[in-house]
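S.K.: Only the shape, not the letters, is given here:
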């Protein structure tokens, strides 16, 4: 059942108080409203309203990220875990979650993800792995995800030299069965 609650009205008011977001206030309102609906309502509406695939996905992202707010407020989460949860979500969905977040830690994590963590990636890629003797395969993605996590979590400084050293160590330690 589609509803417009007091919670939605309060979220709209907070959004107005924060100024115009990059996506525009009407788009943020739509995402806030969808974020407060159940996933079954979001899926039904996104299909019925004949939105583009990208917009329907963005609206679904809003509902998913809003549901993650309690988890984002837990102290045990590392930056890499936050990135793993939020990677691929539309920015306007993240903006909606930021408006809905009542917990300071969740707000801080959403902000850090949008401003820093989302764009933090290793400089090393497949070519560095091939140079280390690794055959192309599933391990490439696994090692690159591990590398990004180490950088995000502050365990490894970003940069080609430190990244290559970490990759070589992980391969030597048997991180991949398909090492050359």
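M.R.: That came through, no problem. Just so it is clear, the structure is predicted and the values come from calculations on it, not from any experiment. Residues are numbered from 1 along each chain as shown.
S.K.: and after whichever helix or strand residue 146 is part of, which helix or strand comes next?
M.R.: In this structure, residue 146 sits in helix 138-152 according to DSSP states H and E. Next along the chain after helix 138-152, taking DSSP H and E as the criterion, comes helix 160-172.
S.K.: For that next one, could you pull out the residues that count as buried?
M.R.: Buried residues in helix 160-172, counted by 16 or more other C-beta atoms under 10 Å: 162-164, 166-168, 170-171. Placement of C-beta: from N, CA and C, glycine included.
S.K.: Among those, pick out the one closest to residue 153, please.
M.R.: residue 166 (12.4 Å; C-beta to C-beta).
S.K.: Distance check, that closest one against residue 102.
M.R.: 38 Å (C-beta to C-beta, to the nearest Å).
S.K.: quick one, what contacts the closest residue to residue 55 other than its chain neighbours?
M.R.: The shortest distance from residue 55 to any non-neighbouring residue, by C-beta to C-beta, 6 or more residues apart in numbering, is to residue 46 (8.0 Å). Residue 46 sits next to 34, 55-56, 59-60 when contact means C-beta atoms under 8 Å, 6 or more residues apart in numbering.
S.K.: and if you look at residue 131?
M.R.: residue 164.
S.K.: So what's the predicted local confidence for it?
M.R.: At residue 131, the pLDDT value in this model is 92.
S.K.: next one: residue 177
M.R.: So residue 177 comes in at 66 (pLDDT).
S.K.: so where is the protein shaky, pLDDT-wise?
M.R.: Applying pLDDT under 70 to the chain picks out residues 19-22, 177-180.
S.K.: any idea which residue sits dead centre in it?
M.R.: Nearest to the mean C-alpha position of the chain, by C-alpha atoms, centre = their mean, lies residue 86 at 1.5 Å.
S.K.: Just confirm that one contacts residue 113, I think it does.
M.R.: Yes - between residue 86 and residue 113 there is a contact under C-beta atoms under 8 Å: 5.2 Å.
S.K.: what's the longest helix along the chain packed up against?
M.R.: Ranked by residue count and defined by DSSP state H, the top helix of the chain is helix 53-72. Applying 3 or more C-beta pairs under 8 Å, 6 or more residues apart in numbering; DSSP states H and E, one finds that helix 53-72 makes contact with helix 25-35, helix 39-48, helix 79-86, helix 91-100, helix 104-115.
S.K.: Any idea how far that helix is from the middle of the chain?
M.R.: Taking the mean of its C-alpha atoms, helix 53-72 sits 10 Å from the chain's own mean (C-alpha atoms, centre = their mean, to the nearest Å).
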